[in-house]
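*Asks:* with the sequence up front, the predicted model follows.
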Amino acid sequence: MYQLTYPDPSNILQFILTITPDDGYYKGGRFTFSFTIGPEYPYSPPKVKCTLVHISILSTGLGSWCLSLICFSSNGTLVAQIYNGTIILLVIAFTLIALSSPIWTHIVQTWNSTNDLRLYIDNILVASLQSATTFRASGIISNYVTLASSLLGPGSCFAGAIDVTSSFTGGVDNFRICSRELSATDVCILYIS
């Protein structure tokens, strides 16, 4: 079952999708996605600015717990980060990604308590942090995942290496959240498919 709502009925380019599975492993779960599509759509793909993936307990991007998981730093490198309950742990890909390139870039962040925090770019492991053995989420069942923006979150969330004033842009073609850590083989299969 799903529900589509518009916080501002006069703006059809901003909406919230809530999915509540009726059966299967996630039966009774609730997944909420917030979408904001730029005014240039459909003439160009939606743009990404600095933060690629942001998680929060409120649909505004705010709350007592919020963090951007994947973002671009002020110098153009890609950063993946998690919060362990005390500090933000991060990995940095020192390879610059040419966002103006017509070729898509495949980005994967994985985490597992035994395998560490890992960042892949185009099927290549570019950074990992073995000491990242704990990830503390909000502790609240319902979280909001926001793509291409931290909404109102900048300045009031865990920051880490994020420079929220950056003006990087790019298109988002595909996004997935998995219920388990992806292996290097899984990342390869996603990359070639």
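*Replies:* Ah, there it is.

*Asks:* please make it C-alpha for all contacts and neighbour counts, starting now.
*Replies:* OK.

*Asks:* can you give me the distance of Asn84 to Ile16?
*Replies:* Per CA to CA, to the nearest Å, Asn84 is found 29 Å from Ile16.

*Asks:* who has more neighbours out of those two?
*Replies:* Ile16 (17 against 14; other CA atoms under 10 Å).

*Asks:* who does that one bridge with?
*Replies:* The partner list for Ile16 in beta bridges (DSSP bridges) reads Thr5, Ser34.

*Asks:* residues contacting Gly63?
*Replies:* By CA atoms under 8 Å, 6 or more residues apart in numbering, the contact list for Gly63 reads Ser56, Ile57, Cys157.

*Asks:* for Phe135, same thing?
*Replies:* Ile82, Tyr83, Asn84, Gly85, Ser113.

*Asks:* does it sit in a helix, a strand or a coil?
*Replies:* coil (DSSP: H, G, I helix; E, B strand; the rest coil).

*Asks:* confidence score at it?
*Replies:* Phe135 is assigned 73 on the pLDDT scale.

*Asks:* next one: Ser167
*Replies:* Ser167 is assigned a predicted lDDT (pLDDT) of 40.

*Asks:* check Thr110 too.
*Replies:* For Thr110, pLDDT reads 90.

*Asks:* how about the one 3 residues further on?
*Replies:* Model confidence at Ser113, given as pLDDT, is 79.

*Asks:* and Cys188, by the same measure?
*Replies:* For Cys188, the pLDDT comes out at 94.

*Asks:* now for Leu4, how many residues are close by?
*Replies:* Per other CA under 10 Å, the neighbour tally for Leu4 reads 12.

*Asks:* convert the C-alpha atoms of stretch 16-35 to PDB, please.
*Replies:* Below are the C-alpha coordinates for stretch 16-35, written out as PDB (Å, rounded to 0.1, in the frame of the first residue of the first chain):
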ATOM      1  CA  ILE A  16       6.000  12.700   0.000                       C
ATOM      2  CA  LEU A  17       5.600   9.000  -0.800                       C
ATOM      3  CA  THR A  18       4.800   6.600   2.100                       C
ATOM      4  CA  ILE A  19       5.000   2.900   1.500                       C
ATOM      5  CA  THR A  20       3.500   0.400   4.000                       C
ATOM      6  CA  PRO A  21       4.000  -3.300   2.900                       C
ATOM      7  CA  ASP A  22       1.000  -5.500   3.300                       C
ATOM      8  CA  ASP A  23       3.000  -8.800   3.400                       C
ATOM      9  CA  GLY A  24       6.500 -10.200   3.400                       C
ATOM     10  CA  TYR A  25       9.400  -9.400   5.600                       C
ATOM     11  CA  TYR A  26       8.600  -5.700   5.900                       C
ATOM     12  CA  LYS A  27       4.900  -6.200   6.600                       C
ATOM     13  CA  GLY A  28       3.600  -3.400   8.800                       C
ATOM     14  CA  GLY A  29       6.800  -1.400   8.200                       C
ATOM     15  CA  ARG A  30       6.600   2.200   7.000                       C
ATOM     16  CA  PHE A  31       9.000   3.800   4.500                       C
ATOM     17  CA  THR A  32       8.700   7.500   3.700                       C
ATOM     18  CA  PHE A  33      10.400   9.300   0.900                       C
ATOM     19  CA  SER A  34      10.400  13.000   0.300                       C
ATOM     20  CA  PHE A  35      10.900  14.300  -3.300                       C
END
